[in-house]
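[1] The following comprises the amino acid sequence and a computationally predicted model.
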Amino acid sequence: MAEQKTNVMRTLEQKKVAYTAHFYPHGDEAVDGVTAAELIGKRPEEVYKTLVTRGAGGGIYVFVIPVAEELDLKKAAKAVKEKSVAMIPVREINAVTGYVRGGCSPVGMKKSYPTVFDASVLKLETVTVSAGKIGCQVEAKPEDLITLTRASAAELTT
């Protein structure tokens with residue numbers, strides 16, 4: 001089905017990053033990541049969700065982890081050298097990132113925030129992340145996404 005390009009797709013094309021777009025049916029609400037993975041025919045360990053946190057010092061940090069996993073806030077804080085980090089309130093997601101809850105991508109946020117992928121991504125040939133809107137995902141090489149987002153990798157899950 002022909003879907004319109006998202007800002008994430010345009011950014012990837014502009015930066016010459018090869019990707020495959022995946023679309024899945026959805027209602028107004030985001031489906032959970034495991035369901036999204038099933039809908040596009042991927043294993044949950046190949047599909048990553050983007051979580052946005054605020055550090056003790058007030059800075060915004062982005063963590064990208066497998067959809068079936070939980071972010072370990074202590075490991076996340078350590079990865080960005082903060083005393084602590086906490087998830088930002090859902091109502092702030094759009095103002096901070098330019099995306100809606102369930103459609104948050106590490107690519108193409110309003111501003112460039114320190115970004116950390118879970119180290120498990122380094123074992124994958126490709127990883128799938130949100131394309132910036134509900135019902136749409138992009139699959140690319142982890143190293144391409146890490147380079148593009150100037151991210152690092154660390155152990156982040158519980």
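    That came through fine. Residues are numbered from 1 along each chain as shown.
[2] Only C-alpha atoms from now on, for both contacts and neighbour counts.
    OK.
[3] What pLDDT is listed against residue 3?
    Among the per-residue scores, residue 3 shows a pLDDT of 64.
[4] And residue 82, by the same measure?
    97.
[5] thought it was touching residue 53?
    No - look at residue 82 against residue 53 with Cα atoms under 8 Å: they stay out of range, at 11.3 Å.
[6] Between these two, point out the one with more neighbours.
    residue 53 (21 against 17; other Cα atoms under 10 Å).
[7] all helices of the chain, in order?
    Along the chain, counting by DSSP state H, helices occupy 7-14, 33-39, 73-79, 93-97, 142-148.
[8] need the ones you listed in TSV with mean pLDDT and mean neighbour count, can you?
    Below are the helices of the chain laid out as TSV (pLDDT from 0 to 100; neighbours: other Cα atoms under 10 Å):
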stretch	mean pLDDT	mean neighbour count
helix 7-14	96	16
helix 33-39	93	19
helix 73-79	98	19
helix 93-97	95	17
helix 142-148	98	17
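[9] can you list those in TSV and add distance to residue 65?
    Shown next, in TSV, are those (distance: least, Cα to Cα, whole Å):
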stretch	distance to residue 65
helix 7-14	18
helix 33-39	11
helix 73-79	11
helix 93-97	17
helix 142-148	12
